[in-house]
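Please find the sequence and the predicted model below.
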Amino acid sequence: TDGNAALPTPAMLTNGMGTFAVTLKTAASQTLTARDGTLSKQSGAILVGSAAASSLVLGTIPSSATAGLALDFSVTAKDTFGNTVTGYNQTVTITSTDNSAELPAPSSLPSGTKTFTGFQFRTAGTRTLTASDGTLSVSSSPITVNPAPIASLVFGSIPAQDTAGEGVTFSVTAKDAFGNTANSSVPVIITSSDSEATLPPAAQLVNGTKSFLVIHNIVGNKTITASDGMRSVTSSTISVIPGPVSAANSMVTASASTVASGSSITATLTTKDAYGNLNPSGLPALGQIAFTSTASPGSGTLGPVASSGSGVYTATFTGVKSGSVTLGATISGVAVGNSTGVTVQGGAATSLALSGVPASITAGVPFNVTVSALDVQNNVATGFADTIQ
């Protein structure tokens, strides 16, 4: 009754007897039958036991799995003929090419077989698992491990320093609970603690990742945040430093809006970058800075340029002719974008001047004469208050 048995070839009996070699291969209760076409005889039940274990066999294992989901499978000890070796008494250990996998504890195989539970792949990719007793082993076919659902957003490398106006390029990646890139296409919104930053539009991740560009405009310690509405991640602090000096954004100021002829005030050039940040990079040498004064119609003189450090330069302006004066500056020959106006007023009176006096007049006819108090530059001394007789 053993369909796998090795049976002898039919043969004639010699003197009514013959010896036949039979090999039974299937462990179970079996019988033998001898027949000549007319006569037949069946043996009693023969209990066929398994041979020694020659292999371990894995039960059905799917070709794909999801990271973090339990995968149950059986391991069976088999003899050469495929029978379960019920008397197998070795301990089987489960291993995997996934070094992060959750493995079941080593175990014996009661009655030659056991279902192992709780096994979990953790790393996406092509993996296998192996059952071994130290002598016999069996490995699964390759199993495609897919990522688990998205659990977090992760930044790629972000530099610790950025220059205003240059920009930081970085990636945002969706990760599952085990650090695998999740197959997610969620839309991600990028924000910054720099209220003036140039931000990218919201965009969907492609195969779980995407690159973004943020341009910082204001110096200081800033952070970037990525969010999909349910999860968010914030970068470490990014130190934003000023960009190159910009003549167009630099400005000239004066220590006073008025100055008396012969007196002095301080003109100050404060350099800025293109975004209005102070202390820009690439500061010019002292010889590349020049202050200017435009008479309209006042005038004055400018002293030598001095540096106060951190991109600030000064010069002394001394009033000469009363009236309005525009104070400006150039950086490497390029005019500064923001100038300032100053009014030159007359200084202390040093002389009097008469005007309107006729060369001749008829006796008894009154006429007007104008008396002007003048400073050393012949400007009208507007502050003169003495009584003229």
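It's in. Just so you know, these numbers come straight off a predicted model, no measurement behind them.

Show the pLDDT at Ser372.
Note for Ser372: predicted pLDDT of 80.

likewise Ala65?
The model's pLDDT for Ala65 equals 97.

what helix or strand does it sit in?
Assigned by DSSP states H and E, Ala65 belongs to strand 64-66.

What residues of stretch 160-169 count as buried?
For stretch 160-169, a neighbour-count test (16 or more other C-beta atoms under 10 Å) marks 162-165, 168 as buried. C-betas here are computed from N, CA, C, even on glycine.

Sort out for me which of those residues are in strands.
Counting by DSSP state E, the part of the buried residues of stretch 160-169 found in strands is 162-163, 168.

Let me know the closest of the residues you listed to Val57.
Nearest to Val57 among those is Val168, at 55.6 Å by C-beta to C-beta.

can you tell me which residues contact the closest one?
158-159, 162, 213-216, 224, 238 (C-beta atoms under 8 Å, 6 or more residues apart in numbering).

With Ser63 instead?
Contacts of Ser63 (C-beta under 8 Å, 6+ apart): 141-144.

and the two most separated of these?
Maximum pairwise distance among the contacts of Ser63 (C-beta to C-beta): 10.4 Å, between Ser141 and Thr144.

between these two, which one's more packed in?
Thr144 (14 against 9; other C-beta atoms under 10 Å).

Can you get me a residue count around the nearest residue to the more buried one once chain neighbours are set aside?
Of all residues not flanking Thr144 in the chain, Ser64 sits nearest, at 4.4 Å (C-beta to C-beta, 6 or more residues apart in numbering). Residues lying near Ser64 (other C-beta under 10 Å) number 9.

Over to Ser310?
By other C-beta under 10 Å, neighbour count at Ser310 equals 11.

before we move on, what about Pro106?
With other C-beta under 10 Å as criterion, Pro106 counts 12.

same question, the one 4 residues further on
Using other C-beta under 10 Å as the criterion, Pro110 is surrounded by 10 other residues.

same deal with Thr135?
8.

Could you pull up the residues touching it?
So Thr135 contacts Gln90 (C-beta under 8 Å, 6+ apart).

if we can go back for a sec, looking at the contacts of Ser63, which are in helices?
Using DSSP state H, no member of the contacts of Ser63 sits in helices.

Take the residues you listed and keep only those in strands.
Counted as lying in strands by DSSP E, out of those, are 143-144.

which of the contacts of Ser63 lies closest to Leu302?
Thr144 (77.8 Å).

give me the beta-bridge partners of the closest one?
Counting by DSSP bridges, Thr144 is bridged to Ser64, Thr126.

check contacts around it.
Per C-beta under 8 Å, 6+ apart, neighbours of Thr144: 63-65, 125-126.

Nearest to Pro244 among the residues you listed?
Gly125 (46.6 Å).

Against Ala101, how distant is that closest one?
Computed as C-beta to C-beta, to the nearest Å, the Gly125 to Ala101 distance reads 12 Å.

neighbour count winner among the two?
Higher neighbour count among Gly125 and Ala101: Ala101, with 19 against 15, using other C-beta under 10 Å.

residues contacting the more buried one?
119-123, 127, 129.

rerun that using 10 Å as the cut-off
Residues near Ala101 by C-beta atoms under 10 Å, 6 or more residues apart in numbering: 67, 71, 94-95, 119-123, 127, 129, 145.

buried subset of these?
Members of the contacts of Ala101 classed as buried by 16+ other C-beta under 10 Å are 67, 71, 94, 119-123, 127, 129, 145.

sorry, back to before: would you point out the most distant pair within the contacts of Thr144?
Greatest spatial distance among the contacts of Thr144 (C-beta to C-beta): Ser63 and Gly125, at 13.7 Å.

Isn't Gly44 up against Thr31?
Yes: counting by C-beta atoms under 10 Å, Gly44 touches Thr31, with 7.1 Å between them.

Which one of these two is surrounded by more residues?
Thr31 (12 against 7).

The more buried one is in contact with Gln42, isn't it?
Yes: the criterion here is C-beta under 10 Å, and Thr31 meets it with Gln42 at 5.4 Å.

Overlap of the contact sets of those two?
Thr1.

list the contacts for the residue nearest to Ile331 when sequence neighbours are not counted?
The spatially closest residue to Ile331, leaving aside those adjacent along the chain, is Ala247, at 4.4 Å (C-beta to C-beta, 6+ apart). Contact analysis of Ala247 by C-beta under 10 Å, 6+ apart lists 269, 271-272, 284, 329-338.

The same query, at a cut-off of 6 Å, please.
Residues in contact with Ala247 (C-beta atoms under 6 Å, 6 or more residues apart in numbering) are 331, 334, 336.

so how far is Ala247 from the last one?
If I follow you right, that is Val336. In this view, Val336 and Ala247 are 5 Å apart by C-beta to C-beta.

Now stretch 165-184 - C-alpha only, PDB.
C-alpha atoms of stretch 165-184 as PDB (Å, rounded to 0.1, in the frame of the first residue of the first chain):
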ATOM      1  CA  GLY A 165      20.200  85.100  -0.100                       C
ATOM      2  CA  GLU A 166      22.100  82.000  -1.000                       C
ATOM      3  CA  GLY A 167      19.700  79.300   0.100                       C
ATOM      4  CA  VAL A 168      19.700  75.800   1.700                       C
ATOM      5  CA  THR A 169      18.800  72.700  -0.400                       C
ATOM      6  CA  PHE A 170      17.700  69.700   1.600                       C
ATOM      7  CA  SER A 171      15.600  66.600   1.300                       C
ATOM      8  CA  VAL A 172      12.500  65.500   3.200                       C
ATOM      9  CA  THR A 173      11.900  61.800   3.500                       C
ATOM     10  CA  ALA A 174       8.900  59.800   4.800                       C
ATOM     11  CA  LYS A 175      10.000  57.000   7.100                       C
ATOM     12  CA  ASP A 176       8.200  54.100   8.700                       C
ATOM     13  CA  ALA A 177       8.700  53.100  12.300                       C
ATOM     14  CA  PHE A 178      11.800  51.100  11.400                       C
ATOM     15  CA  GLY A 179      13.600  53.800   9.400                       C
ATOM     16  CA  ASN A 180      12.700  52.500   6.000                       C
ATOM     17  CA  THR A 181      11.700  55.100   3.300                       C
ATOM     18  CA  ALA A 182       7.900  54.800   3.200                       C
ATOM     19  CA  ASN A 183       6.100  54.700  -0.100                       C
ATOM     20  CA  SER A 184       4.300  57.900   0.600                       C
END
